[in-house]
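Engineer: build me a structure from this.
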Amino acid sequence: MKLILLAMLAAGTTGPAPAPGTDSITVARLRYEGGGDWYANPSSLPNLLSAVRERTGIPVARREAEVMPLDPALRDYPYLYMTGHGNVAFTPAERAALRAYLTGGGFLHADDNYGLDESFRAEMAQIFPDAELTEIPAEHPVFHTFYDFPDGLPKIHEHDGHPPQAFGIFVDGRMVVFYSYESDLGDGWEDAAVHEDPAGTREQALRMGVNLFLWVLGQAVS
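Structural biologist: Numbers count the residues shown, from 1 in each chain. Have a look, this model is predicted:
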């Protein structure tokens with residue numbers, strides 16, 4: 001994967017590598033057990049991919065892929081995304097597979113859609129007992145990769161009315177998990193009529209998504 005990414009950069013194209021057998025780059029949505037709606041916000045990732053394509057010129061797919069933790073194709077996707085409102089539960093084998101994926105160069109963006117928090121934190125503690133979720137400061141490059149977010153993660157959906165927080169898990173100095181909490185970027189990526197968010201709010205969500213996408217690329221080729 002790294003050689004493909006480097007070749008794309010040398011050719012003047014930026015973006016994660018396409019998975020084998022595909023013609024374009026995409027994000028992989030994580031399917032999980034436990035009862036949570038992993039499929040929430042169905043228009044979110046297509047809209048994010050469209051924004052990436054239009055704003056950066058990266059030849060991304062129009063739809064996301066879907067993978068489960070034990071899917072051998074998991075390692076082919078540098079950007080793994082998960083969301084939902086309910087419970088998340090992984091088996092021991094799935095936890096081991098996710099840890100291997102993340103420590104081997106992968107990246108997980110977990111986007112709390114209100115109700116994911118407790119079970120997600122519990123699962124992360126089992127996958128990474130040696131690395132805690134820590135708050136990511138506004139100075140981190142992920143907030144300044146393409147668009148500038150001087151205050152860090154933007155607030156998209158109200159939920160409990162708390163300020164948005166970005167948490168990360170770092171392994172050997174590399175951020176392998178980005179957890180957007182009390183923000184709900186995916187709601188802002190959805191079609192405008194779904195949540196009736198103001199245009200400015202949706203724009204902030206899309207800009208943060210573009211930043212995350214490009215940050216993943218930078219980490220993949222560094």
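Engineer: could you look up the SS state of Tyr179?
Structural biologist: Classification of Tyr179 using DSSP: H, G, I helix; E, B strand; the rest coil returns strand.
Engineer: state the number of residues packed around it.
Structural biologist: Neighbour count for Tyr179, taken as other Cβ atoms under 10 Å: 25. Placement of C-beta: from N, CA and C, glycine included.
Engineer: next: Asp117.
Structural biologist: 16.
Engineer: how close does it sit to Pro163?
Structural biologist: Distance check for Asp117 against Pro163: by Cβ to Cβ, to the nearest Å, it reads 15 Å.
Engineer: list the buried residues for the longest helix along the chain?
Structural biologist: Counting residues, the longest helix found in the chain (DSSP state H) is helix 199-221. Residues of helix 199-221 classed as buried by neighbour count (16 or more other Cβ atoms under 10 Å): 201-202, 204-217, 219-221.
Engineer: same thing with stretch 52-71?
Structural biologist: Residues of stretch 52-71 classed as buried by neighbour count (16+ other Cβ under 10 Å): Val52, Arg53, Thr56, Ile58, Val60, Ala61, Glu64, Ala65, Val67, Pro69, Asp71.
Engineer: from those residues, which two are the most distant?
Structural biologist: Using Cβ to Cβ, the pair of these lying farthest apart is Thr56 and Pro69, separated by 29.0 Å.
Engineer: now the nearest residue to Phe128 once chain neighbours are set aside: which helix or strand?
Structural biologist: With sequence-adjacent residues excluded and distances taken as Cβ to Cβ, 6 or more residues apart in numbering, Phe128 is closest to Ile169, at 5.4 Å. Of the helices and strands defined by DSSP states H and E, Ile169 is found in strand 165-171.
Engineer: just checking: what are the partner strands of that strand?
Structural biologist: According to DSSP bridges, strand 165-171 forms sheet pairs with strand 134-135 (antiparallel), strand 174-181 (antiparallel).
Engineer: which residues of the chain fall in strands?
Structural biologist: 28-30, 65-67, 80-84, 108-112, 134-135, 165-171, 174-181 (DSSP state E).
Engineer: just how off-centre is stretch 145-154 within its chain?
Structural biologist: Centre-to-centre, stretch 145-154 and its host chain are 15 Å apart (Cα atoms, centre = their mean, to the nearest Å).
Engineer: report the mean per-residue pLDDT for it.
Structural biologist: Averaged across stretch 145-154, the pLDDT comes to 98.
Engineer: per-residue pLDDT of the one residue sitting closest to the centre of the chain, please?
Structural biologist: Central residue of the chain (Cα atoms, centre = their mean): His109, 2.9 Å from the mean position. The score at His109 is 98. That number is its pLDDT.
Engineer: for it, which residues are in contact?
Structural biologist: By Cβ atoms under 8 Å, 6 or more residues apart in numbering, His109 lies in contact with Tyr79, Leu80, Tyr81, Met82, Val177, Phe178, Tyr179, Ser180, Leu212.
Engineer: any low-confidence regions in the protein?
Structural biologist: Scanning the chain with the threshold set as pLDDT under 70 gives 1-23, 220-222.
Engineer: how about 90 then?
Structural biologist: Where the chain drops to pLDDT under 90, the residues are 1-25, 59, 157-162, 193-197, 217-222.
Engineer: can you give me the helices in it?
Structural biologist: 2-10, 44-56, 92-103, 117-127, 185-189, 192-195, 199-221.
Engineer: nearest to Pro150 among the ones you listed would be which one?
Structural biologist: In terms of Cβ to Cβ, the element of the helices of the chain nearest to Pro150 is helix 199-221, at 12.4 Å.
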